[in-house]
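> Need a 3D model of the sequence below.
(chains A, B, C and D)
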Protein chains: 4
Amino acid sequence: MSSTFGTLFKISSFGESHCPGVGVVVDGVPARLSLCAADIQQQLDRRRPGQNKLGTDRNEADQVKILSGVENGLTLGTPIGLLVDNKDQRPGDYGSMSQIPRPSHADYTYRAKYGIHASSGGGRSSARETIGRVAAGAIAEKFLLEQYGIEIVSWVSSVGEHDAGEIDMENLSRAQVDASDVRCPDPVAAEKMTAEILAARQAKDSVGGVLTCVCRNLPAGLGEPAFDRLEALLAHAMLSLPASKGFEIGSGFAGARQRGSAHNDPFVQKGERLGTLTNRSGGVQGGISNGEPVYFRVAFKPPATIGLEQQTVDYSGQPTVLEAKGRHDPCVVARAVPIVESMAALVLADLVLRQKMRS
Amino acid sequence: MSSTFGTLFKISSFGESHCPGVGVVVDGVPARLSLCAADIQQQLDRRRPGQNKLGTDRNEADQVKILSGVENGLTLGTPIGLLVDNKDQRPGDYGSMSQIPRPSHADYTYRAKYGIHASSGGGRSSARETIGRVAAGAIAEKFLLEQYGIEIVSWVSSVGEHDAGEIDMENLSRAQVDASDVRCPDPVAAEKMTAEILAARQAKDSVGGVLTCVCRNLPAGLGEPAFDRLEALLAHAMLSLPASKGFEIGSGFAGARQRGSAHNDPFVQKGERLGTLTNRSGGVQGGISNGEPVYFRVAFKPPATIGLEQQTVDYSGQPTVLEAKGRHDPCVVARAVPIVESMAALVLADLVLRQKMRS
Amino acid sequence: MSSTFGTLFKISSFGESHCPGVGVVVDGVPARLSLCAADIQQQLDRRRPGQNKLGTDRNEADQVKILSGVENGLTLGTPIGLLVDNKDQRPGDYGSMSQIPRPSHADYTYRAKYGIHASSGGGRSSARETIGRVAAGAIAEKFLLEQYGIEIVSWVSSVGEHDAGEIDMENLSRAQVDASDVRCPDPVAAEKMTAEILAARQAKDSVGGVLTCVCRNLPAGLGEPAFDRLEALLAHAMLSLPASKGFEIGSGFAGARQRGSAHNDPFVQKGERLGTLTNRSGGVQGGISNGEPVYFRVAFKPPATIGLEQQTVDYSGQPTVLEAKGRHDPCVVARAVPIVESMAALVLADLVLRQKMRS
Amino acid sequence: MSSTFGTLFKISSFGESHCPGVGVVVDGVPARLSLCAADIQQQLDRRRPGQNKLGTDRNEADQVKILSGVENGLTLGTPIGLLVDNKDQRPGDYGSMSQIPRPSHADYTYRAKYGIHASSGGGRSSARETIGRVAAGAIAEKFLLEQYGIEIVSWVSSVGEHDAGEIDMENLSRAQVDASDVRCPDPVAAEKMTAEILAARQAKDSVGGVLTCVCRNLPAGLGEPAFDRLEALLAHAMLSLPASKGFEIGSGFAGARQRGSAHNDPFVQKGERLGTLTNRSGGVQGGISNGEPVYFRVAFKPPATIGLEQQTVDYSGQPTVLEAKGRHDPCVVARAVPIVESMAALVLADLVLRQKMRS
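I've put the predicted structure just below:
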């Protein structure tokens, strides 16, 4: 129950940090889609730790293996099992923390929920759980791009107090995003963000940030009224990511400060279809795509595990000081880029299949 | 598919503006809960239009009828059917708009989705659809309060550019919220908000706003790891509301600007349990409640239907000017208070039942 | 949870015998299907008690009201709420039985499950719950017939020890089935069945029977491999009916006695498609329709509530004698005909929509 | 969608004959259950081909690997990933059949459904898909036995025309079942069944059979009214098995020939609880367990793939003669014993968890 996402394009993920592997079963992928491991691997490579100096120095190859559902390079229409072995396990790193719940980390709540906890504390709330999402999302992306021309691009729009300037989101490419390690396509801001992350690492601290994501070329009509609106499913997907604290679509919280006459998007003719002159709606009206780009922002808090001393208490309530050991990311946002793209792809692939029943 | 919400405490809603009625089937309500129509009516009364001078002057009584699942004042454990008749139908009000999709409204996208549209345009995206949610949510609230002591209180924290000051959310009551028509417990801000809404109405315009909601006395352990985190389900619930554009929990977007050392919530002993000194997490760690109050904010855009002239195009792409007729709310936030509370209650009731399988 | 059936064509039913009404919400009905109450009423009329001398002498009109999802005679694509008022309530009839669980009835198990029970004992296990299924099934049937030419016809193939002879199921019509009150298209058998039912009634006893159902003109490809095979969903649907004890498709239990060389259905060319010379498979291979008629049988036990004296014990374990009062059907099979057809229609409509995602 | 089973104790299976592996993700297993690979392997060993002279001479070890969800011999409460490598792949065996759909086999329908087919023809309809079910079912069984004392035992009750005599199902053990290769605890019948299977093999033919299964020590109250009755979920589970054609619970089809006065099970006091004197109900009343043993029968047709010549047509409709190559089971029922037990265990584990929400 807790580990399934989607209605028709549906994934079931499994695995935690210190077990043999992490993976996912992807059900609902249409038959006859060309697919090989390399199609999936490219997004896993963008997600993996140790890509550059900004992240953890754990270096995990995270090679995906396709277990089922594909034959002779074509999908069969049956569930696709995907597996990534866990190679670089160091349970010892966490030993010293087993009696002290890390502040703002899942250690405490997992114990409250299950009465047991995995050796890494948070278990399934670990970033490693997102491997299955990214692997499944890569398949969803391929389906969306090949059959509908849908493109999804995410980037880092702020780190700490440093914000990116205006981005041309109608034309932004992943290559432009990946031009900087911090994955901010504004070079001036990218430099400041990089400095902030390195400063946080130097200080044994961590820092938060915000991602923006745009989805282009969606047909009008995606999204289900009432509970499964497009933005509701996106919000669900994004708030299910470790460390995320907020979501807004289109004008978002800023739009709540406006009057309707300033906020409404007038319709105009765009080629064969109606479009809108502005896009404060973020490509969605009444929960349903209108054919304009869908864009949204996701807030990520600073990672909870930091090397700095923290005054806290242990499980028995005794005051203590915690200095976390291990190799932790000072900032998750650059690696979160493919994860946000993947979750968006899973939502859209599901809604595309759901809309087919209306045809 | 589109009209079901929840896994164990599950609702299926139905109805649009101009059909005989709107309602909901509530499945999963435990047996032997005392329940009568008045328990449900009180939240419907807080939601209904025409309560005061701030909203539409449509006046709808919205009396709920319990169709099933209750006998002799006790729930049977079987599905509870709830129905509210649609009495004040005026399809004629919309006639003049049938050829012009309202900017930023669901008229256009519904037509793209279904190839047909209800006489009120948006059909199920109408605010009237929320009656079922509120009726079901009132049952969820009663269950949560009686069996767990869980309290849920929402209020208006901004209208346009006017923000409420600090609110003591640990002790805030609904009576304090309802002390002003605009449902802001900060009297100074409430006055400014009221003036802004009346000014918008006077100008045939509309205005957006933000709600905050707090859920108190949750046990630790609610929420499912990976996809059905507590905050993910809340975000899903809130972004499924008409006109909502954003959600943030705890520190939210502001937290993304901080360092971990400033953001982390240290643990402290609180009576029998561990608690946290601060609550930037918003009562949730790793997607699971930690026993602290859960609080979150929801952004609502200004209503799309305004009386002011708008330059736009009709369905055939011809430029035209739209002046919406009918009786429309200049601001939805005061009436959204019980709706937000209800959706929060539905999420929590579902997670409470889901956690029972762990026991 | 317990009261929802289907994945895309999905129904949520509610109501028990002695509440204001019974009904259903039908989600997933395609837009622009022509629909009015009379389309639904005709199957409800075939289901209702008191149609003729074979059943209970309760006479309930069971008029359906469409609450939502339809405008100007066309479906909107939104949930269709359907309601039938409970008019002929006689809770008093059950008073004398409140301390004695009826043998082979749901009285006892409902109390074990919920710790409470509706005044009619079985509550949701009452035959009255099937009203929602039949109402929803009538919509499914209309969709299947108009868009795919799919026809569904069920009939009574045995009552007690009396079996119908060979039936030409490729051409059987509902009119032929309804030619006898007992709904057996073999006139000789129908007469014996009628006599058996009247004899059982005379003896204050009840009698069981078997229904057969055929579904014609299905396209090949319906049914999902692994868990949601066509025959698995049909079996689920049929065993969810009150008093049903068995299901078999095609050759069924008799086929289990054969050798493969005698049982296999050879392929032959049939017009544009491949067909099979025989149809022991019952129109299904590997869980997926092959284009031949799907046919299956459903066993119904004799109704548990009988007027004859029964030696049993009361809830406290004290031996007692029970003579049930009230107006009970001596045999359910004739009235079960539209119920079985409706459940089959719901399964097929769901699979038709599910197959659309493959297109 | 097609490959998920269960609501709270939920499995997602993957894999076909000629891919790297087959497996399953088991979600909803309670935390702190002791579990190791050997607990699962014992049922896989009873399922695997090549155990004895009655089955195919393919010999597959089918060693299960636990990928996640277990640490230090205890379940974590998180999804348990299970994988069995496919070792003995011989795609070549099927080459000669690629232009001719096997009569009564899934070759044809899979092609109609997906427009593609796996090299083994039926792909997911292969018996190999049941490995995931058995592996998951073994976990469900362990949970049910340890926490509720629930025991599940299945056996072969007929092969072709040979029926087992009366079995003492209240006391039957798996050891007694496994005493014969054919898994029939009636030694006289077992001998005849064995001879029949060997004769079918000798004749390059196949033969069908029936399994019976009993589930003991269920608490009263399991099963959901309306659609998810205990017998409905069992029927769904059993008819989802390859080659199954029928299901009956308790008195089944024979009960449909009886009068109510002969069929009803009178209540009696049994220790602390009410029980029934007879058990024609099969342990279920109104879809809910009553505390008596639940027993049911499942019919399996003769396997479709036989070595005997069959007159049929190829995909282009040309008449041809098919002689299937490869190593095929002449009868599936002995190997189906652990599969039926596993599916029953999955249904019961799910209902046990679902009933917890009522507590």
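
> Tell me where the model's unsure across the stretch 1-150 of chain A.
Scanning the stretch 1-150 of chain A for pLDDT under 70 picks out A:1, A:56-59, A:88-97, A:117-122.

> Helices of that one, residue ranges please.
All helices of the stretch 1-150 of chain A, identified by DSSP state H, counting those that start in this stretch, fall at A:37-47, A:92-95, A:107-114, A:130-148.

> Go through those helices and name the closest to A:Ser2.
Nearest of the helices of the stretch 1-150 of chain A to A:Ser2, taken as CB to CB: helix A:107-114 at 10.0 Å. All C-beta atoms are positioned from the backbone trio N, CA, C, and that covers glycine.

> Could you report the neighbour count for the residue of the stretch 101-250 of chain A found nearest chain B?
Nearest residue of the stretch 101-250 of chain A to chain B, counting by CB to the nearest CB: A:Ala106, 2.3 Å away. Residues lying near A:Ala106 (other CB atoms under 10 Å in any protein chain shown) number 28.

> how about the nearest residue to it, chain neighbours excluded?
Leaving aside its chain neighbours, A:Ala106 sits nearest to B:Gly286 (2.3 Å; criterion: CB to CB, 6 or more residues apart in numbering or on different chains).

> could you measure that neighbour against A:Glu129, distance?
11 Å (CB to CB, to the nearest Å).

> for A:Gly252, same thing?
From A:Gly252 over to A:Glu129 (counting by CB to CB), the distance is 27 Å.

> from the stretch 1-150 of chain A, which residue is nearest to chain C?
Counting by CB to the nearest CB, the stretch 1-150 of chain A gets nearest chain C through A:Leu8, at 5.3 Å.

> Revised request: answer the last question for the stretch 201-350 of chain A.
Distance from chain C to each residue of the stretch 201-350 of chain A (CB to the nearest CB) is smallest for A:Pro225, at 6.8 Å.

> so what's the residue nearest to that residue when sequence neighbours are not counted up against?
Using CB to CB, 6+ apart and skipping the chain neighbours, the partner closest in space to A:Pro225 is B:Arg124 (3.9 Å). With contacts defined as CB atoms under 8 Å, 6 or more residues apart in numbering or on different chains, B:Arg124 is in contact with A:Pro225, A:Ala226, B:Ser2, B:Ser3, B:Glu16, B:Ala118, C:Thr78, C:Pro79.

> so where is the stretch 151-300 of chain A shaky, pLDDT-wise?
Nowhere does the stretch 151-300 of chain A drop to pLDDT under 70.

> what about the strands in it?
A:151-159, A:162-163, A:209-216, A:244-249, A:267-270, A:273-276, A:284-285, A:288-289, A:294-300 (DSSP state E, counting those that start in this stretch).

> Please convert the ones you listed to JSON lines, extending it with mean neighbour count.
Converted to JSON lines, these look like this (neighbours: other CB atoms under 10 Å in any protein chain shown):
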{"stretch": "strand A:151-159", "mean neighbour count": "25"}
{"stretch": "strand A:162-163", "mean neighbour count": "20"}
{"stretch": "strand A:209-216", "mean neighbour count": "24"}
{"stretch": "strand A:244-249", "mean neighbour count": "29"}
{"stretch": "strand A:267-270", "mean neighbour count": "17"}
{"stretch": "strand A:273-276", "mean neighbour count": "18"}
{"stretch": "strand A:284-285", "mean neighbour count": "29"}
{"stretch": "strand A:288-289", "mean neighbour count": "28"}
{"stretch": "strand A:294-300", "mean neighbour count": "27"}
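
> Looking at these, which is nearest to B:Gly160?
That would be strand A:244-249 among these, by CB to CB, at 17.3 Å.

> Surely A:Val156 and A:Val332 touch.
No. In this structure, A:Val156 is not within contact of A:Val332 by CB atoms under 8 Å, at 10.2 Å.

> Give me the common contacts of these two.
A:Gly209.

> just to revisit the earlier point, and the residue of the stretch 201-350 of chain A closest to chain C, how many residues sit next to it?
For A:Pro225, using other CB under 10 Å, the count is 28.

> Roughly how far does it sit from chain D?
Between A:Pro225 and chain D the computed distance is 21 Å (CB to the nearest CB, to the nearest Å).

> Around chain C, pick out the residues from the stretch 51-200 of chain A.
A:Gly77, A:Thr78 (CB under 8 Å from any CB of the partner chain).

> show me the contacts for the residue of chain A positioned farthest from its centre.
No residue in chain A sits farther from the centre than A:Gln318, which is 36.5 Å out by CA atoms, centre = their mean. Residues near A:Gln318 by CB under 8 Å, 6+ apart: none.

> Quick check: phi and psi at it.
Backbone geometry at A:Gln318, expressed as degrees, to the nearest 10, gives phi -80, psi 130.

> For chain D, see how far away it is.
From A:Gln318 to chain D the distance is 26 Å (CB to the nearest CB).

> and that residue, how far is that from A:Lys53?
Distance from A:Gln318 to A:Lys53, counting by CB to CB: 38 Å.

> thinking again about what came up before, could you point out which of the strands of the stretch 151-300 of chain A sits nearest B:Ser281?
For the strands of the stretch 151-300 of chain A, the distance to B:Ser281 is smallest for strand A:244-249, at 8.6 Å, taking CB to CB.

> how far does that closest one sit from the chain's center?
Here the centre of strand A:244-249 is set off from its chain's centre by 12 Å, with CA atoms, centre = their mean, to the nearest Å.

> Could you check the angle that strand makes with strand B:294-300?
The directions of strand A:244-249 and strand B:294-300 differ by 10 degrees, with axes from the mean of the first three to the mean of the last three CA atoms, to 10 degrees as the criterion.

> quick one: strands adjacent to strand A:244-249?
Strand A:244-249 has the following strand partners under DSSP bridges: strand A:294-300 (antiparallel), strand B:244-249 (antiparallel).

> what sits against the closest residue to A:Trp155 other than its chain neighbours?
Sequence neighbours aside, A:Val177 is the residue nearest to A:Trp155 in space, at 4.6 Å (criterion: CB to CB, 6+ apart). Taking CB under 8 Å, 6+ apart as the criterion, A:Val177 is in contact with A:Val153, A:Ser154, A:Trp155, A:Arg183, A:Cys184, A:Pro185, A:Val337.

> can we see that at 7 Å?
A:Val153, A:Trp155, A:Arg183, A:Pro185, A:Val337 (CB atoms under 7 Å, 6 or more residues apart in numbering or on different chains).

> what does A:Pro30 give?
By CB under 7 Å, 6+ apart, the neighbours of A:Pro30 are A:Thr75, A:Gly77, A:Phe143, C:Arg358.

> so the third one makes contact with A:Ala349?
Yes. If you go by CB atoms under 7 Å, A:Phe143 and A:Ala349 touch, sitting 5.7 Å apart.

> More neighbours: these two, which one.
The neighbour comparison of A:Phe143 against A:Ala349 (other CB under 10 Å) goes to A:Ala349, with 30 against 23.

> Which helix or strand contains the more buried one?
helix A:333-356 (DSSP states H and E).

> For A:Ala136, see how far away A:Arg32 is.
19 Å.

> Of the two, which one has the most company?
A:Ala136 (32 against 12).

> residue in the stretch 201-350 of chain A nearest to chain D?
For the stretch 201-350 of chain A, CB to the nearest CB, closest residue to chain D: A:Asp350, 10.4 Å.

> measure the residue of the stretch 101-250 of chain A closest to chain B to A:Arg124 for me?
As judged by CB to CB, A:Ala106 and A:Arg124 stand 9 Å apart.

> Could you do A:Leu322 as well?
A:Leu322 is 22 Å from A:Arg124, by CB to CB.

> Tell me how many other residues crowd the residue in the stretch 101-250 of chain A that chain D sits nearest to.
At 4.1 Å from chain D, A:Tyr114 is the closest residue in the stretch 101-250 of chain A, using CB to the nearest CB. Around A:Tyr114 there are 22 other residues, counting by other CB under 10 Å.

> ok, stretch A:160-167 near chain B or not?
Yes. Residues of stretch A:160-167 contacting chain B under CB under 7 Å from any CB of the partner chain: A:Gly160, A:Glu161.

> Would you indicate which residues of that stretch are buried?
Neighbour-count burial for stretch A:160-167, counted by 16 or more other CB atoms under 10 Å in any protein chain shown, picks out A:Gly160, A:His162, A:Asp163, A:Ala164, A:Ile167.
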